[in-house]
Every structure is written in C-alpha cells, then in structure tokens.
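K.L.:
Output the structure for:
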Amino acid sequence: MTAVAPSDRDDWRLHARCRGMDIGVFYSTSNDYRDSQGRQEQVAKDICRQCPVIMECRECAINFGEQHGIWGGLNPKELLVARKWRRWDRQPAERQRPVGEALHPHLVTRRDMPL
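P.N.:
Numbers count the residues shown, from 1 in each chain. The predicted structure is shown next:
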C-alpha cells in the first residue's frame, strides 16, 4: 500500500473554476454591508455551481473545518451544518434510535397512551 502524496490529493484544485480568480470574491470583509455581502456570496456561489469539482471542494472544506469563505458553493454556516450532519451520519447503527422509539426512556409516545 502506497501513501498518497499531498499534491495527488489536491489535484482537483487544478480543475477548479475559481483557479486564478481574485479570492476576495469568496471571502467577505468585515467592512462589507449585509446587502453587499449577500450579493458577493451569490456571485461566489454562482461561480461554484458551474465548477466541475464542486463536490471535491466541498468535501475538502468539510473535512478540514473551513470556517471562512465560500467553499464548494457553501458559506461558513452551511459548512457547519454539513459537518454536523456528517458526524450524525457516522453514528454506529446500534446507537441510532429505531423509528417510533421515544427520545427519552421516560417519555411516553402517543401510541403508548390509552384511548
């Protein structure tokens, strides 16, 4: 088994649509007003939507915990949500709650209530 060189793992970056662009498009500054931040974010996301490696970029941002900028078409809040979902999906099957089971053992579900 051979280790993958860092440059091999990042080959997707060579095909990114944003390659060579001003990175300021993908990062808003604290001096920006809300409206201009929203417009700037939309421009960045539009670029990402047309990118052939959007999924690789998104995975990289999720895996490395990016907290700033637009990555793979997601803003920092969206990346945070994606990381949380990723952790939830990794829960072992025996720890996941079966359908219909109460969230807490002391809670009674509707079907357990007498008519």
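K.L.:
Pull the number of nearby residues for the residue lying closest to Ser28 once chain neighbours are set aside.
P.N.:
Excluding the flanking residues, the one nearest Ser28 by C-beta to C-beta, 6 or more residues apart in numbering is Gln37, at 4.5 Å. Every C-beta, even on glycine, is put in place using the N, C-alpha and C of the backbone. Residues near Gln37, counting by other C-beta atoms under 10 Å, number 14.
K.L.:
and Gln37, what element?
P.N.:
For Gln37, the host element (DSSP states H and E) is helix 34-49.
K.L.:
what comes into contact with that helix?
P.N.:
Contacts with helix 34-49, where a contact means C-beta atoms under 8 Å, 6 or more residues apart in numbering, come from 17-18, 21, 25-26, 28, 32, 54, 57, 69-70, 72-73, 75.
K.L.:
Tell me the one of those residues nearest Asp11?
P.N.:
Each of these was scored against Asp11 by C-beta to C-beta, and Cys57 proved nearest at 12.3 Å.
K.L.:
and the closest one, what element?
P.N.:
helix 54-64.
K.L.:
what about that helix, average pLDDT?
P.N.:
If you average the pLDDT over helix 54-64, you get 94.
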